[in-house]
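Novice: Please find the sequence and the predicted model below.
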Amino acid sequence: LIQSSFFGAGKTVVGEMALYHARSQNLRAIYTTPLKALSNQKFVELRKLFGAEAVGLSTGDMCLNRGAPITVMTTEVYRNMAWRASYKDENENENDGDTNDDLYDDLSQNAVVVLDEFHYMGQPGRGGVWEESVIITPAHTQIVALSATLTNANDLSQWMASVTNRDTALVEAGTTRPVPLRYLFANKKVLTPLFKDANAGPGSPNGLLGFRGDGIPATTNN
């Protein structure tokens with residue numbers, strides 16, 4: 001599943017419901033973000049939703065509540081886990097016993113991986129991490145990719161279907177922001193619009209200069 005929508009459209013709820021569905025089946029789930037700071041923030045948020053004992057954190061330099069049914073991590077950490085799990089599956093007969101690391105890298109009970117900020121795939125240098133994560137994710141694990149608006153969302157969903165050999169649904173949440181974007185500056189007493197038209201500005205309801213489309217103001221005074 002690829003969810004592409006404006007900021008404030010509620011795409012995070014899709015990821016949280018995927019986690020809930022996995023937990024309802026007594027299976028594990030992973031939630032990834034591209035930054036350690038975002039992972040720390042999501043860790044705090046999910047602990048409030050699912051309980052402190054149900055959520056763990058792994059960011060490379062920090063590991064909390066290891067083995068929890070829901071683990072928040074950076075995308076690089078997940079990519080590395082998936083590669084190790086793939087290698088272990090291919091060389092299963094070489095392992096005499098499970099170590100703690102083997103158990104940590106075991107994705108056999110992981111039902112879903114949420115790849116938040118999926119538009120990072122287009123970032124030079126780091127985008128390959130998201131590509132590898134999609135390609136190497138085990139076949140039994142559902143991929144839920146959450147992203148801001150993507151110009152090539154349809155092409156991306158077709159690519160995902162081709163490399164995973166499974167159906168990929170694309171959900172796009174309209175063409176307008178559900179939460180209007182407005183520009184203001186603050187002093188000690190009040191917030192004041194940055195532009196004469198409070199609804200003007202890049203991405204705002206009335207556009208960059210307070211006009212829309214053919215140059216006719218969106219609202220006019222009689």
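Specialist: Structure received.
Novice: how about the residue positioned nearest the centre of the chain, what does it touch?
Specialist: Compute the mean C-alpha point of the chain, and by CA atoms, centre = their mean the closest residue is residue 116, 0.9 Å away. Contact analysis of residue 116 by CB atoms under 8 Å, 6 or more residues apart in numbering lists 12, 15, 31, 32, 33, 34, 38, 42, 146. Bear in mind the C-beta positions are built from the backbone N, C-alpha and C, glycine included.
Novice: What is the three-state secondary structure of residue 49?
Specialist: Following DSSP: H, G, I helix; E, B strand; the rest coil, the label given to residue 49 is helix.
Novice: Now the residue lying closest to it once chain neighbours are set aside. Its backbone dihedrals?
Specialist: Excluding its sequence neighbours, the residue lying closest to residue 49 (CB to CB, 6 or more residues apart in numbering) is residue 16, at 6.5 Å. Per-residue torsions, residue 16: phi -70, psi -40 (degrees, to the nearest 10).
Novice: Look up which helix or strand residue 131 falls in, please.
Specialist: Taking DSSP states H and E as the criterion, residue 131 maps to helix 127-136.
Novice: Which residue ranges of this structure form helices?
Specialist: Assigned by DSSP state H, the chain shows helices spanning 11-24, 36-50, 75-90, 100-104, 127-136, 153-164.
Novice: Could you tell me how far the longest one lies from the centre of the chain?
Specialist: If you compare the mean C-alpha spot of helix 75-90 with that of the full chain, they lie 19 Å apart, counting by CA atoms, centre = their mean, to the nearest Å.
Novice: Next, the angle from that helix to helix 36-50.
Specialist: 80 degrees (axes from the mean of the first three to the mean of the last three CA atoms, to 10 degrees).
Novice: Counting neighbours, which bits of helix 75-90 end up buried?
Specialist: Buried positions in helix 75-90, judged by neighbour count with 16 or more other CB atoms under 10 Å: 75, 76, 77, 78, 79, 80, 81, 82, 84, 85, 86, 88.
Novice: would you turn these into a markdown table with distance to residue 157 and pLDDT?
Specialist: Formatted as a markdown table, these follow (distance: CB to CB, whole Å; pLDDT from 0 to 100):
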| residue | distance to residue 157 | pLDDT |
| --- | --- | --- |
| 75 | 19 | 96 |
| 76 | 23 | 95 |
| 77 | 25 | 94 |
| 78 | 20 | 95 |
| 79 | 20 | 95 |
| 80 | 25 | 93 |
| 81 | 24 | 92 |
| 82 | 20 | 93 |
| 84 | 28 | 90 |
| 85 | 25 | 86 |
| 86 | 23 | 82 |
| 88 | 30 | 69 |
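Novice: Out of those residues, which comes closest to residue 197?
Specialist: Set against residue 197, the nearest of the buried residues of helix 75-90 by CB to CB is residue 75 (39.9 Å).
Novice: can you tell me how far the nearest residue to that closest one once chain neighbours are set aside sits from residue 81?
Specialist: Nearest residue to residue 75 in three dimensions, chain neighbours excluded: residue 32, at 4.5 Å (CB to CB, 6+ apart). Separation of residue 32 from residue 81 (CB to CB, to the nearest Å): 10 Å.
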